[in-house]
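> the sequence and its predicted three-dimensional model are supplied below.
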Amino acid sequence: MISVVVPVYRTEAYIEACIRSLCAQTCRDFEIILVDDGSPDRSAALAEAILRQTEVRFRVIHTENRGVSAARNTGLQAASGEWVMTVDSDDAVLPDFLAAYERMIKDSPGCSIFSTGFSVCEAADGAFETANAMNTRRMSAQEAQQVFFDREIRFLLPTLLLRRSFLTENQILFDEAVRYSEDVQFIWKCLAFNRDPVLHNPAALYRYVLHENSTMTGSDIPKIMTAIGGLDRLLQQISGRLTPGIAEQFRPRSVFALLHGAAHMLSCPDFLTLYRACGGRSAIGRQAWRGKLRFRLPAAVLTACPRLGYRIMRKY
């Protein structure tokens, strides 16, 4: 059985589409675990009302507001399925979403990590896509690390299906102190501890819905900085588990990725404040001289002239 964890916080306008898409799955051997993260709106109540009208197994857990990482941990620890995944309550999935994982599990029962593709859209509805088993890519554990590091495959947290015993045996949880890019750090924990092949079906069976409220301001800089502290804790936890080529570039590339994401959401003055706060020049200096050219060039410009680097990264 698959346990689908859905953390809920202020998604009243979107959660109905999310829950209805889960209830419409062609695969029926699953449960939904709603974790109400102290949401002040009617999100959880709307979701529960829909679920009560279906035959889908579900649980609702109410907690005080502690953030999405804590909500995901609560759901993962409450899961009873052999397999677990987390789906964001403002996104949606296609009817064949869970069935695609069932087929991959059947073909490769010894693996612990499975993935599918996703589409970025402005609405939860749209044309359906069916997963083609012939397109599934099987990678070694080391290859999976490399394609994620090189952004050849963009593993998305809600599209990862994980063996629950793999998480518990390796004590893999979300870092609850991290409030920005916590999903990427969790994915790296999974890839670092995994030693089995990873299967990825590129079919876009998950709909990642964009919202207008994605712009950040200078007040979010402390939130982004939590990812820097989390990065150092992550490296301590996965030390010795990354392939050598990735290990030596991991921290500078990770800081560069954080700054790259922030450049798309922050104004230039706020970005420069963040750049100084995280010690950008020293943090990503090595990235400017190592790795692939498409990463080295913007990193080199950023370290030489942060203001110009900001403008380039917004287009990069």
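Perfect, I can see it now. Computed from a predicted structure; not experimentally measured.
> make it CA atoms for all contacts and neighbour counts henceforth
Fine.
> the domain parsing of this protein - what is it?
The chain breaks down into these domains under automatic domain parsing: 2-213, 215-315.
> quick check, central residue of the chain?
Leu157 (2.9 Å; C-alpha atoms, centre = their mean).
> low-confidence regions, the stretch 151-300 of the chain specifically.
Scanning the stretch 151-300 of the chain with the threshold set as pLDDT under 70 gives 212-219, 286-293.
> residue ranges of the helices in it, please?
164-169, 182-193, 221-238, 244-247, 250-263, 268-277, 280-284, 293-304 (DSSP state H, counting those that start in this stretch).
> so which of those helices comes closest to Phe118?
Phe118 lies closest to helix 182-193 among those, at 15.4 Å (C-alpha to C-alpha).
> okay, the closest one in CSV with CA atoms only?
Provided in CSV are the C-alpha atoms of helix 182-193 (Å, rounded to 0.1, in the frame of the first residue of the first chain):
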residue,chain,number,x,y,z
GLU,A,182,14.0,21.8,2.5
ASP,A,183,12.7,19.5,-0.2
VAL,A,184,16.0,19.5,-2.1
GLN,A,185,18.0,18.7,1.1
PHE,A,186,15.6,15.8,1.8
ILE,A,187,16.0,14.4,-1.7
TRP,A,188,19.8,14.5,-1.3
LYS,A,189,19.5,12.6,2.0
CYS,A,190,17.6,9.9,0.1
LEU,A,191,20.0,9.7,-2.8
ALA,A,192,23.0,9.7,-0.5
PHE,A,193,21.8,6.8,1.6
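> off-centre distance for that helix?
Distance of helix 182-193 from its chain centroid, counting by C-alpha atoms, centre = their mean, to the nearest Å, is 9 Å.
> tell me the angle of that helix relative to helix 250-263?
160 degrees (axes from the mean of the first three to the mean of the last three C-alpha atoms, to 10 degrees).
> contacts for helix 182-193?
By C-alpha atoms under 8 Å, 6 or more residues apart in numbering, the residues outside helix 182-193 that reach it are 69, 141, 144-145, 155, 157, 167, 170, 172-175, 227, 230-231, 234, 237-238, 241-242.
> can you say which of those residues are buried?
Listed as buried from the contacts of helix 182-193 are 69, 141, 144-145, 155, 157, 167, 172-175, 227, 230-231, 234, 238, 241-242; burial here means 16 or more other C-alpha atoms under 10 Å.
> give me the neighbour count for Glu64.
The burial count assigned to Glu64 is 10, neighbours taken as other C-alpha atoms under 10 Å.
> ok, now how distant is it from Arg207?
Taking C-alpha to C-alpha, to the nearest Å as the measure, Glu64 and Arg207 are separated by 28 Å.
> look up the closest residue to Glu16, ignoring the ones flanking it.
Spatial nearest neighbour of Glu16, excluding adjacent residues (C-alpha to C-alpha, 6 or more residues apart in numbering): Ala47 at 6.3 Å.
> looks to me like that neighbour is in a helix.
Yes: counting by DSSP: H, G, I helix; E, B strand; the rest coil, Ala47 is found in a helix.
> okay, now it: neighbour count?
Ala47: 21 surrounding residues under other C-alpha under 10 Å.
> that one: what's it in contact with?
Ile15, Glu16, Ile19.
> verify the stated contact: the residue nearest to the centre of the chain with Asp88.
No: counting by C-alpha atoms under 8 Å, Leu157 does not reach Asp88; the two are 9.2 Å apart.
> re earlier: for Glu122, find the nearest of the helices of the stretch 151-300 of the chain.
The closest of the helices of the stretch 151-300 of the chain to Glu122 is helix 250-263. By C-alpha to C-alpha, the value is 19.2 Å.
> run the angle between the closest one and helix 268-277 for me.
Relative orientation of helix 250-263 versus helix 268-277 (the same axes, to 10 degrees): 160 degrees.
> tell me what helix 250-263 is packed against?
Under the contact criterion of 3 or more C-alpha pairs under 8 Å, 6 or more residues apart in numbering; DSSP states H and E, helix 250-263 touches helix 221-238, helix 268-277, helix 280-284, helix 306-315.
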